[in-house]
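# the following block contains a protein sequence and its predicted model.
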Amino acid sequence: MAQSLEETPPSRISLNEEYRLLHEVADTLQSPGDTRTMLQQVMRILTGFSELNVESKAGVFLADNEKRVLRLYATFGDFTDEFLEKEREVPFGDCLCGRSAESGQLLMSDSCFNDDRHERRFEDMTPHGHYIIPLKSRARLVGVLFLYTQTHPTWYRFSQEVLLSIGGLIAAAIERQLNEEELDRYRKDLESIVRERTAELTAMRERLRRLNSRMEEVREEEKKRIAREVHDQLGQSLTALSLDISWLGRQDATRDALLAGKLADMQTLVTDTIELTQKIASELRPQVLDLMGLPTAIEWQARQFALRTGIQCRCEVGAPCRDADPGMATAVFRVFQEALTNITRHARAKEVWVTLECRTHELELTVSDDGRGFDPEILNAPDSLGLMGMRERVRMWNGAIEFESEPGCGTTVRVKLPVRQHGV
Ligand SMILES: Nc1ncnc2c1ncn2[C@@H]1O[C@H](COP(=O)(O)OP(=O)(O)O)[C@@H](O)[C@H]1O
Ligand SMILES: [Mg+2]
């Protein structure tokens with residue numbers, strides 16, 4: 001053990017050498033790359049610094065300050081498997097490195113066989129001395145660096161200053177690199193979580209979309225069935241009833257004025273009910289849509305709207321889309337009905353313009369009114385369920401819907417749907 005340092009200042013030559021060494025180490029510590037490779041490079045530089053008289057053997061432990069153990073992180077030079085296995089973990093206070101970790105002091109040891117502090121033994125341990133350098137970043141211990149020397153070496157006069165400075169540089173670099181590596185790991189973890197969640201969400205959205213579209217089909221089928229039953233069954237029974245009433249009216253027994261008046265009332269009631277069932281059936285599912293196609297159904301609905309509301313409705317429809325899917329035609333028709341309902345309920349319009357155009361690859365419907373319009377913020381309101389339903393129906397067919405509106409300036413609803421080649 002030779003820890004006493006001479007007081008004489010360094011010669012000019014050795015100062016130059018030290019600057020060169022520090023410069024080289026600092027340079028390596030700043031170069032990009034992984035931490036382990038960087039440390040091995042630094043150990044190569046240190047073992048090459050002749051003033052230290054060290055062998056080409058060194059290693060770095062990283063400190064776990066919570067568990068108070070050192071863990072072997074990087075080595076330079078030849079070490080036996082036994083050494084690497086046994087030195088994987090060294091508790092603070094144990095052997096030379098553990099002692100340096102505990103005290104934060106630089107240690108120099110003349111020979112592993114004569115030094116009581118060198119407690120660990122290996123089968124093929126050859127005699128050697130040590131520099132044990134604590135790696136401290138500010139007050140925090142980051143690890144320990146050990147350099148092998150021959151036994152009883154000539155200790156370098158300024159080892160304390162130079163090695164502690166280098167220890168500080170290494171510690172700061174390790175901290176920075178490990179932080180960066182950890183940040184990088186976090187970033188990658190986050191990215192993969194985001195990717196997973198996005199995939200889950202996409203799959204979930206796709207399932208919802210399919211479910212929604214299936215429910216829509218079921219609803220339309222159900223409406224069709226009820227409409228048919230109301231129209232056919234109820235309509236036929238009522239017609240039969242009406243015929244019976246007429247027959248009764250022609251019988252002698254009913255010549256009585258009171259009875260005749262009652263029969264006439266019944267006839268009126270039955271006729272009104274027949275009309276009502278037809279209206280209900282057609283509101284549920286206009287037959288015209290199934291029988292005559294979308295353009296005629298739109299014209300028919302526009303006429304009904306004008307009759308019912310007294311609002312003028314100009315309607316321009318083109319030729320039917322030969323390639324339009326019946327489900328898509330239903331979606332457009334339902335969107336149209338909702339647009340008209342909104343005009344009736346909210347717009348206070350005098351006039352409405354409707355166009356339906358079927359181009360080669362696209363179907364476009366516009367519904368404009370000269371009513372009071374609305375604030376576009378309403379589009380995002382959670383209770384705008386009608387508008388949301390319109391959007392959803394259009395989305396199911398990969399289409400686009402726009403609402404152009406401003407208070408006082410009327411409203412235009414524009415729907416564009418791609419027409420695929422499968423009978424829309
Ligand atoms: N043509 C229109 N003219 C004026 N306001 C409209 C029109 N269409 C929609 N709105 C406004 O948008 C709101 C949301 O419409 P909607 O989602 O269909 O819900 P609801 O009709 O049940 O109120 C309406 O309350 C109304 O304020
Ligand atoms: Mg509405």
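Yes, it's here. Ligands and ions are numbered 1, 2, ... in the order given.

# quick check: Ser31 vs ligand 1, distance?
Taking Cβ to the nearest ligand atom, to the nearest Å as the measure, Ser31 and ligand 1 are separated by 62 Å. No exception for glycine: its C-beta is placed from N, CA and C like everyone else's.

# what sits closest to that residue if chain neighbours are left out?
Met38 (6.9 Å; Cβ to Cβ, 6 or more residues apart in numbering).

# just the endpoints, please. Distance across stretch 223-235?
Taking Cα to Cα, to the nearest Å, the first and last residues of stretch 223-235 lie 16 Å apart.

# what does it contact?
With Cβ atoms under 8 Å, 6 or more residues apart in numbering as the contact definition, stretch 223-235 has outside contacts at Ile274, Thr277, Gln278, Ile280, Ala281, Ser282, Leu284, Arg285, Gln287, Asp290.

# if I pick the residue nearest to Ser31, what's in contact with it?
Each residue near Met38 by Cβ under 8 Å, 6+ apart is listed here: Thr28, Leu29, Ser31, Ala173, Gln177.

# tell me the phi and psi of the first one?
In terms of degrees, to the nearest 10, the main-chain angles of Thr28 are phi -60, psi -40.

# hang on, it packs against Ile45?
Yes. With contact taken as Cβ atoms under 8 Å, Thr28 and Ile45 are classed as touching, separated by 6.5 Å.

# looking at those two, which is more packed in?
When neighbours are counted by other Cβ atoms under 10 Å, Thr28 comes out ahead of the other of Thr28 and Ile45, with 20 against 17.

# okay, the more buried one and Thr149: tell me how far apart.
From Thr28 over to Thr149 the distance is 22 Å, taken as Cβ to Cβ, to the nearest Å.

# what does Asp189 give?
Computed with Cβ to Cβ, the distance linking Asp189 and Thr149 is 43 Å.

# neighbour count: those two, which is higher?
A direct count of neighbours by other Cβ under 10 Å for Asp189 and Thr149 places Thr149 higher, at 23 against 10.

# how much space between Ala324 and ligand 1?
With distances defined as Cβ to the nearest ligand atom, the gap from Ala324 to ligand 1 amounts to 25 Å.

# sec struct for that residue, please.
Each residue gets one of three states, and Ala324 gets coil by DSSP: H, G, I helix; E, B strand; the rest coil.

# burial measure for it, as a count.
What Ala324 shows, counting by other Cβ under 10 Å, is a neighbour count of 21.

# looking at the protein, which residue is nearest ligand 1?
Shortest the chain-to-ligand 1 distance, computed as Cβ to the nearest ligand atom: residue-wise this is Gly386, at 2.2 Å.

# fine by me, thanks again.
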